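>>> After the sequence you'll find the predicted model.
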Amino acid sequence: MESTTALLRIAARVAGASAVLVARPNDAVPLAAWGCDPDAAGALLRAVRYAFPLGSWSFRQIELTLRDGSAGELFFIAPSSDVDDPALLALAQEIATLCDPAGSMGREASAIERLTETVEQLGEAIAILGTPHDLNAPSHFLHVNLGFGALFGYSPAELVGKSTELIWGPLTDTRQMAWLRARVAERQAVRAAVVFYAKDGTPVWVEVATTPVRQDERDIHHVVTYRDVTSRKQFVDALAGEQHKLQTTLAAIADAVVTVLSDGRVEFVNEAAQLLLGVDLVDAYGQHVSDVICLVDDDAKPIDVIAGAAQHGVHRGRGHVAIKSGIIDVAFVASRIADEHGSVVVLRDVTAENSLAKRLSFEASHDPLTGLQNRRAFFELLEEAVRGARERGEQHAVAFLDLDRFKVVNDQFGHAAGDRLLREVGPIMGRIVRGADVLARIGGDEFGLLLTNCRIDDARHVADKVRNAVEEYRIEHEGQWLGIGVCIGLAPINAKTASAAAVIAAADAACYRAKAAGRNAIVG
């Protein structure tokens with residue numbers, strides 16, 4: 001019932017209501033309530049049932065279908081806004097799904113209300129979790145405060161009642177989470193550093209600290225604090241003198257370290273920095289830091305790390321450094337030493353790390369055989385095209401392409417030849433389309449083509465060129481030559497298009513008709 005109470009609290013805030021009740025029609029006792037204790041909730045329900053006519057200014061009603069299929073009612077007491085708001089209607093549906101029709105309103109609801117009020121006043125990112133004893137069952141969100149929303153980008157309405165796995169991602173250590181889940185299920189306090197994900201997909205390193213909350217000698221919730229651990233890695237602002245400079249240098253000795261005087265001249269370059277930058281300590285000493293560290297951003301604009309450190313105390317970022325052997329990618333931290341004793345710049349070569357990230361990103365969105373966009377990436381682009389058509393009136397077209405005689409090539413020449421055919425025919429089709437268009441392999445010998453800002457009539461001309469190019473292609477194997485063809489189904493994307501799945505299904509159906517018409521044909 002805690003999730004229902006938390007959702008009722010959110011609904012009350014959206015509607016500006018002083019209290020919210022859930023009940024069955026004609027019942028005098030509510031199933032759930034927020035904003036009052038059980039006795040007051042019963043009195044309020046009887047009041048709206050018998051003392052006031054339906055539609056009175058003092059309350060508003062939304063009809064519900066509870067999760068067992070029975071009817072229910074959601075009452076807002078003294079709302080200040082329109083309860084027909086789409087956000088409220090969506091919340092009402094979620095409340096109906098979570099509310100237990102067989103349950104009854106207990107005293108425990110007041111505990112979470114008091115807890116949420118306290119958590120809401122705190123600036124740190126905090127969530128209240130419902131924590132089942134079953135080790136295989138995930139915890140779920142009962143409440144998140146504004147600090148949590150600022151850190152992860154979610155609103156309470158998007159999280160309450162949902163599994164905590166919603167903020168997991170590829171870098172989240174599932175074994176560590178299993179250990180955490182076991183501790184939480186045993187109602188133990190626990191602390192750990194974990195990678196979670198913000199709503200926009202950004203990974204966030206946080207230190208989580210969970211505390212069980214007890215009522216009547218039993219644990220009912222966990223309060224979890226999420227702290228961004230990157231803030232702990234900042235250099236101490238108040239460094240003083242040569243002793244502090246030495247401590248900072250020694251702390252970062254494994255990375256490239258350059259100490260800079262207050263006038264911008266280099267004072268010291270450690271061995272790692274000499275190797276990374278290709279300079280000697282004697283040559284670097286006394287030179288301006290910009291001549292030793294030629295750091296630029298992605299637009300080739302110089303980065304003044306010392307000015308950033310002077311202004312903010314600590315300046316963090318990424319850039320590119322020109323060295324004798326070429327350009328390398330670096331992550332840097334510039335820290336101002338207290339009392340104007342200069343700055344310390346720490347550099348770390350992240351060229352290999354960036355290359356790996358780019359390769360992983362490419363592999364996640366491209367077909368390994370042909371190098372074309374894969375099915376997942378293609379559907380994401382289709383969804384964006386559908387949104388553009390619906391919101392901005394854009395017109396696009398989709399082609400579903402199925403190679404003819406591909407099975408014959410596999411059967412006569414072998415699968416290696418079939419793979420070579422797919423690698424060769426992709427560029428042949430790709431040369432026909434424009435740079436803004438997207439050609440993808442969506443499975444087997446099937447391809448997808450998104451023609452952006454293209455009317456269906458123009459799409460037919462493009463499809464005809466693609467068909468002719470494929471028809472002219474021949475594959476050779478041990479002196480034998482074999483030609484293929486392609487059937488193409490077309491479908492428009494306009495303001496009436498329901499979804500990416502709908503438009504690709506329409507194009508697939510058109511392609512099927514093209515095959516039935518005699519192959520190497522175009523329909524749509």
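Received, thanks.

>>> burial count for residue 280?
Residues within reach of residue 280, counting by other CB atoms under 10 Å, total 10. For the C-beta atoms, the positions are set from N, CA and C on the backbone; glycine is no exception.

>>> which phi and psi does it have?
phi -100, psi 150 (degrees, to the nearest 10).

>>> Go through the host helix or strand of residue 358 and flag the buried ones.
Assigned by DSSP states H and E, residue 358 belongs to helix 351-365. In terms of neighbour count (16 or more other CB atoms under 10 Å), helix 351-365 has its buried residues at residue 354.

>>> residue contacts, residue 210?
When contacts are counted by CB atoms under 8 Å, 6 or more residues apart in numbering, residue 210 touches 129, 180, 183-184, 189-191, 222-225.

>>> where's the dip in pLDDT among these?
Among these, residue 184 carries the lowest pLDDT, at 77.

>>> That one and residue 137 touch, don't they?
No: under the criterion of CB atoms under 8 Å, residue 184 makes no contact with residue 137, lying 10.7 Å away.

>>> so where's the stretch 251-400 of the chain uncertain?
251-254, 308, 310, 339-340 (pLDDT under 70).

>>> Can you list the residue ranges for strands in it?
Ranges of strands within the stretch 251-400 of the chain are 256-260, 266-269, 295-296, 314-323, 326-336, 343-349, 396-404, based on DSSP state E, counting those that start in this stretch.

>>> what sits up against the helix holding residue 358?
328-329, 373-374, 376-377.

>>> backbone phi and psi for residue 157, please?
Torsion angles at residue 157 (phi, psi; degrees, to the nearest 10) stand at phi -60, psi -30.

>>> what about the spatially closest residue to it that is not a sequence neighbour, how many neighbours?
Counting by CB to CB, 6 or more residues apart in numbering, residue 10 is the residue found nearest to residue 157 once chain neighbours are left out, at 5.3 Å. Neighbourhood size, residue 10 [other CB under 10 Å]: 23.

>>> Then residue 19?
Count around residue 19 with other CB under 10 Å applied: 19.

>>> again, but for residue 368
When counting by other CB under 10 Å, one arrives at 9 neighbours for residue 368.

>>> Name the nearest residue to residue 454, ignoring sequence neighbours.
Nearest non-adjacent residue to residue 454, counting by CB to CB, 6+ apart: residue 397, 4.9 Å away.

>>> got it, and residue 258?
Distance criterion CB to CB, 6+ apart; nearest residue to residue 258, sequence neighbours excluded, is residue 345 at 4.5 Å.

>>> Wait, that neighbour touches residue 333, no?
Yes: between residue 345 and residue 333 there is a contact at 7.5 Å, judged by CB under 8 Å.

>>> neighbour count winner among these two?
Comparing residue 345 with residue 333 by other CB under 10 Å, the one with more neighbours is residue 345, at 25 against 20.

>>> So in terms of bridging, what pairs with the more buried one?
residue 258, residue 334 (DSSP bridges).

>>> what's it in contact with, if anything?
Contacts of residue 345 by CB under 8 Å, 6+ apart are 257-260, 289, 293, 305-306, 309, 332-335.

>>> How is this structure partitioned into domains?
2-104, 109-232, 241-353, 366-523 (automatic domain parsing).
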